[in-house]
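# below is the sequence, then the predicted model.
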Amino acid sequence: MTIHPDRLARTLAALLLLSIASCRGRSFNATPPAVVTGVVVESLPPVPPSRLEVPVRYDLAPALAWLETTVPKTIGDIKDKQAIKGNDRVHIAYAINREPFQVGIEGRTVSISSVLHYEGRGWYDAPIVPEVSASCGTDSLRPRAKLTLRVTGRIDDNWKLRAKSAVTAVPLTDTERDQCEVTVAHIDVTDKVLAAAAGALQKELVKVDRQLGAFPLRTTVEGVWNTMQQPLRLTDSLWLLINPVSLRFLPPTTSGDSLLWQAGLEANPRILGGAKPAASTNPLLPPDRSPAPAPSFLILSEGRLPYDVAEDILSKALKKTKIKVGNHTIAIQHLKPTPLGDGRVSVGLTVSGAANGTLYAVGHPHIDSAGVLTMPDLTIDAGSTDALTGALAWLASGDRLTQFLREAIKVNLAPTLEKARELAEQNLNRELAPGLALQTTLTSAVPTGVWAGPDALIARVIVQGKGSILIHLYPPGAGPANSAKTDSTPARPKPAGPTPAVPAS
């Protein structure tokens, strides 16, 4: 049989077109997974509270200066002859020199003391013989005594300062060296001198008690508390919320002219990105008096990977990557992640080659301890499986494509998280307000989970380290001169007159 050349040419052309069409592959149109409407709820586990050290320093120098100027350095006059009540035959005179006051502390009691050096003289008018007199301490070796103002305080559950003060004067030692007995008439001047020295300070106790009772401690603490509730800007779009929960006080100590409390703060600090967040509104609770737990500083931070950024990263990394599925080969053209609103993410996979179109896989995001973001449970969506039937059933059969996607979809966030940790540490050592400073050392940033937010994949990161908030309180009117005021500056109480500090618990 003879085949006409024209017919042969047409047949060959049809076969060629069929072959070309077969090489280009079949097209398909899969339906995207349905988006779940409603409120997106974060389902990650809670973060344990942080316990920060809060060294509180109270400057005692103004209180000491007040006492130094109020209590005279010299008391009495050795030439001032005074009658003894109940015994008109005995008279005494004394002169006291006081050393500068020193500060000490025992438990909840602050003691402000001074060593006294004195001399005394006594006269005795006997019924028959002429009046006789004698003295002690008139040479270089004078008797000594210790004058002490003790103030014991506590903080009640309403942050009110309750204080009780008392003054004593006692011989410095129980040896003869620190006794003043006028030997001629056996007149002991010691008690009279000590009573006079205590009386000089006793007059000021009314002022001390009044000022301590009026000291606005709650106002001071609330000022600091409110400062710690304000969001602190780390960068233009990064904020720290300290989120204070409670304050704990430990027994105080002294250092030089300062009173020190090693207090503790329980908080839930968090670093947030985006617009300035609202301040926290945790109420000021009564003082926590429980034993201090070990300090730990854990900041909840969030590493955000917007979906368009993830789309760009994955598409560039996988574009034109070829996958052999059975006897067919397809090439990756584009990947597009989309949140479904229920914690899952849909990945739209556009392919070409033996099949042309976009199919969809669905899974949950996961981040490991090294900071690598993956989707280990990714599977082809049912809508895509329904679209891949007949001549395209090979694309949905088996697990070759699923396995490829699970291995290929990886984003290493570790460098980003480390940069965030360094940035946070640089910005977490700062003055929060005059007399209030934050000091931190951040050692690690460990991812603990990831969830699919409305506009980004959000990796929860726990930044670990050590943290403290240093508080330097000043008596009214004694703070740093011309301190710049900010919106977060704690209120500075201003009662009349200087106020000695009292350790309280």
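Looks like it came in fine.
# phi and psi next, for the spatially closest residue to residue 77 that is not a sequence neighbour.
Distances taken as Cβ to Cβ, 6 or more residues apart in numbering place residue 95 nearest to residue 77, at 5.9 Å, with adjacent residues excluded. Where C-beta positions appear, they are placed from N, C-alpha and C, glycine not excepted. Main-chain dihedrals, residue 95, degrees, to the nearest 10: phi -140, psi 130.
# count the neighbours of residue 95 for me.
20 (other Cβ atoms under 10 Å).
# quick one, what contacts residue 217?
With contacts defined as Cβ atoms under 8 Å, 6 or more residues apart in numbering, residue 217 is in contact with 155, 159-161.
# sorry, back to before: correct me, but the residue nearest to residue 77 touches residue 73?
No. In terms of Cβ atoms under 8 Å, residue 95 does not count as a neighbour of residue 73; the distance is 11.5 Å.
# could you pick out the buried ones from the contacts of residue 217?
Using 16 or more other Cβ atoms under 10 Å as the burial test, the contacts of residue 217 include 155, 159, 161 as buried.
# redo those as TSV? Include distance to residue 325, secondary structure and pLDDT.
As requested, the buried ones among the contacts of residue 217 are exported to TSV (distance: Cβ to Cβ, whole Å; DSSP: H, G, I helix; E, B strand; the rest coil; pLDDT from 0 to 100):
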residue	distance to residue 325	secondary structure	pLDDT
155	73	strand	79
159	71	coil	84
161	78	strand	75
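# just curious, which of the residues you listed is nearest to residue 58?
Minimum distance to residue 58 across the buried ones among the contacts of residue 217 is 11.9 Å, recorded for residue 161 (Cβ to Cβ).
# of the contacts of residue 217, which pair is most distant in space?
Largest separation among those by Cβ to Cβ: 159 and 161, giving 8.0 Å.
# still on that earlier bit, need the contacts of residue 217 in a markdown table with distance to residue 436, can you?
Listed next are those as a markdown table, based on distance: Cβ to Cβ, whole Å:
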| residue | distance to residue 436 |
| --- | --- |
| 155 | 19 |
| 159 | 17 |
| 160 | 22 |
| 161 | 20 |
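# looking at those, which is nearest residue 460?
Nearest to residue 460 among the contacts of residue 217 is residue 159, at 35.0 Å by Cβ to Cβ.
# please enumerate the strands of the stretch 401-505 of the chain.
Ranges of strands within the stretch 401-505 of the chain are 410-412, 430-433, 436-452, 456-473, based on DSSP state E, counting those that start in this stretch.
# deepest of these, which one?
Most buried of those by mean neighbour count (mean count of other Cβ atoms under 10 Å) is strand 456-473; its value is a mean of 20.
# and residue 110, how many neighbours?
What residue 110 shows, counting by other Cβ under 10 Å, is a neighbour count of 26.
# and what of residue 454?
With other Cβ under 10 Å as criterion, residue 454 counts 10.
# now residue 89: closest residue in space, sequence neighbours ignored.
Nearest residue to residue 89, sequence neighbours excluded (Cβ to Cβ, 6+ apart): residue 125, at 4.6 Å.
# residue 360 now?
Counting by Cβ to Cβ, 6+ apart, residue 381 is the residue found nearest to residue 360 once chain neighbours are left out, at 4.3 Å.
# over to residue 356?
Leaving aside its chain neighbours, residue 356 sits nearest to residue 27 (4.5 Å; criterion: Cβ to Cβ, 6+ apart).
# equivalent analysis for residue 271, please.
The spatially closest residue to residue 271, leaving aside those adjacent along the chain, is residue 301, at 4.1 Å (Cβ to Cβ, 6+ apart).
# pretty sure that neighbour is in a strand, no?
Yes. Counting by DSSP: H, G, I helix; E, B strand; the rest coil, one finds residue 301 located in a strand.
# tally of neighbours for the spatially closest residue to residue 401 that is not a sequence neighbour?
Counting by Cβ to Cβ, 6+ apart, the nearest residue to residue 401 once its immediate chain neighbours are dropped is residue 325, at 6.0 Å. Residues within reach of residue 325, counting by other Cβ under 10 Å, total 19.
# quick check, pLDDT for residue 325.
Residue 325 carries a pLDDT value of 88.
# same question for residue 33.
Residue 33 is given a pLDDT of 94.
# with residue 15 instead?
Here the pLDDT value assigned to residue 15 is 44.
# mind checking how far residue 350 is from residue 89?
Distance, residue 350 to residue 89, using Cβ to Cβ, to the nearest Å: 119 Å.
# more crowded one of the two?
Taking neighbours as other Cβ under 10 Å, residue 350 and residue 89 compare with residue 350 leading, 16 against 13.
# doesn't the more buried one belong to a strand?
Yes. Membership of residue 350 in a strand is supported by three-state DSSP.
# now it, which residues is it bridged with?
Residue 350 has the following beta-bridge partners by DSSP bridges: residue 334, residue 358.
# test my guess that it contacts residue 358.
Yes. Here residue 350 reaches residue 358: they are 4.6 Å apart, a contact under Cβ under 8 Å.
# between these two, what contacts are shared?
With Cβ under 8 Å, 6+ apart as the test, residue 350 and residue 358 both reach residue 334.
# what is the neighbour count of residue 203?
Residue 203 has 11 neighbours, counted by other Cβ under 10 Å.
# just the one 5 residues further on next, same as before
Applying other Cβ under 10 Å, we find 24 other residues in the vicinity of residue 208.
# what's the answer for residue 314, then?
By other Cβ under 10 Å, 21 other residues sit near residue 314.
# ok, now residue 178?
Residues near residue 178, counting by other Cβ under 10 Å, number 20.
# list the contacts for it?
143-145, 171-172.
# for the helix or strand hosting residue 150, buried residues please.
Element membership of residue 150 [criterion: DSSP states H and E] is strand 144-155. Residues of strand 144-155 classed as buried: 144-153, 155 (neighbour count, 16+ other Cβ under 10 Å).
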